[in-house]
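Q: sequence isn't available, so here's the structure alone:
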């Protein structure tokens, strides 16, 4: 068998396949273009999974297209496509040393890198590891929305002070920026969204790219690897969004050796093993700070909705017709309409 594609361990870089048609591509648009218009029928089962916020990691919103499962490789066996899961390595040594090695190897492939700092442990540890591995100052960026209950700028700047960071490039964005960038975010991730939080990643990555960087180093994946959070409704989305901006998304937490270490040593909601490793590099205030999950506020996305599409799809999904109130359901319907328009989806 011939190896065609090596999948990412946690599905961070999605790849799409149609085993029955022997086709594959890194984006849904490219795959559907290969398959033709008859392949653009919307899959109500796959779409309903996104409405339930539990995609299975294989179905997409289109009947002919499937995702390469996380941690699997794609092979060509004659005229057939086959997916084979990889065994995770069983690494020896400390978690901190594995993270250092993973980061060092990923930086070899990047020319100009910026670290995305937020208000939590994960990005702070990534910065500290990068400074330790490179031995020099690393550019730091963050996104500030100024939206109450969502923006982390105050905590991010406090973390920067605790880390001894002299300068943080603050990228400003507001509600209008998030709403206007939503179609581009859907074109990048090629899934519906229930909240606009991933659009913040697009705004950050787009501006980082404009400033001449070629890679963005983040703390993405730490919750999924060490706290066993479900990766399927987040990592492929942000991975595809950043990829669409032309940037390389890097995170040491997604290295297979690190994932393998976490599988062997167990996970817990508090990410205790990661915190214990981080204690060697970070101030205690950062190591043991409690995680505060944040979602973007609910915005009025009425202008993006397609009421005819909703009337056709709602009965097939077993859902009532949505009302006009901003919230997750309106966001899902609005982004489903965007996705259908972008990819020519048919009912």
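A: That came through fine. The structure presented is a predicted model; accordingly, all values stated were derived computationally and were not measured. Residues are numbered from 1 along each chain as shown.

Q: when you work out contacts or count neighbours from here on, use the C-alpha atoms and nothing else.
A: Will do.

Q: residue closest to the middle of the protein?
A: By C-alpha atoms, centre = their mean, the chain has its centre lying nearest to residue 238, at 2.4 Å.

Q: what helix or strand is that residue located in?
A: helix 235-244 (DSSP states H and E).

Q: can you give me the helices for the stretch 51-200 of the chain?
A: Counting by DSSP state H, counting those that start in this stretch, the stretch 51-200 of the chain has helices at residues 95-108, 121-134, 153-163, 175-189, 197-210.

Q: okay, these in CSV with distance to residue 346, mean neighbour count and mean pLDDT next?
A: Shown next, in CSV, are these (distance: least, C-alpha to C-alpha, whole Å; neighbours: other C-alpha atoms under 10 Å; pLDDT from 0 to 100):
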stretch, distance to residue 346, mean neighbour count, mean pLDDT
helix 95-108, 41, 17, 95
helix 121-134, 41, 20, 96
helix 153-163, 42, 17, 96
helix 175-189, 17, 19, 98
helix 197-210, 25, 21, 98
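
Q: can you pull the contacts of the residue nearest to the centre of the chain?
A: Contact analysis of residue 238 by C-alpha atoms under 8 Å, 6 or more residues apart in numbering lists 12, 189, 198, 201-202.

Q: what's near enough to touch the residue of the chain most remote from its centre?
A: Among residues of the chain, the one most distant from the C-alpha centroid is residue 78; the distance is 33.2 Å, by C-alpha atoms, centre = their mean. Listed by C-alpha under 8 Å, 6+ apart, the contact set of residue 78 reads residue 1.

Q: for it, report the pLDDT, please.
A: pLDDT, residue 78: 82.

Q: just checking, residue 168 touches residue 139?
A: Yes: with contact defined as C-alpha atoms under 8 Å, residue 168 reaches residue 139; the gap is 7.4 Å.

Q: quick one: closest of the helices of the stretch 51-200 of the chain to residue 225.
A: Comparison of these against residue 225 by C-alpha to C-alpha identifies helix 121-134 as nearest, at 11.6 Å.

Q: gap between residue 284 and residue 121?
A: Residue 284 sits 10 Å away from residue 121, taking C-alpha to C-alpha, to the nearest Å as the criterion.

Q: from the contacts of residue 238, which single one is nearest residue 95?
A: When the contacts of residue 238 are ranked by distance to residue 95 (C-alpha to C-alpha), residue 12 comes first, at 21.0 Å.

Q: burial of the closest one, as a residue count?
A: Neighbour count for residue 12, taken as other C-alpha atoms under 10 Å: 23.

Q: roughly how far does the closest residue to residue 8 other than its chain neighbours sit from residue 12?
A: Nearest residue to residue 8, sequence neighbours excluded (C-alpha to C-alpha, 6 or more residues apart in numbering): residue 71, at 5.5 Å. Distance from residue 71 to residue 12, counting by C-alpha to C-alpha: 10 Å.

Q: tell me where the protein has strands.
A: Ranges of strands in the chain, per DSSP state E, are 2-6, 16-18, 23-25, 66-67, 72-77, 80-85, 113-116, 140-144, 169-172, 215-217, 248-250.

Q: can you list the strands that the first one pairs with?
A: Which is strand 2-6. With DSSP bridges as the test, strand 2-6 is paired with strand 72-77 (antiparallel).

Q: for the strand it pairs with, which positions count as buried?
A: Buried residues in strand 72-77, counted by 16 or more other C-alpha atoms under 10 Å: 72-75.
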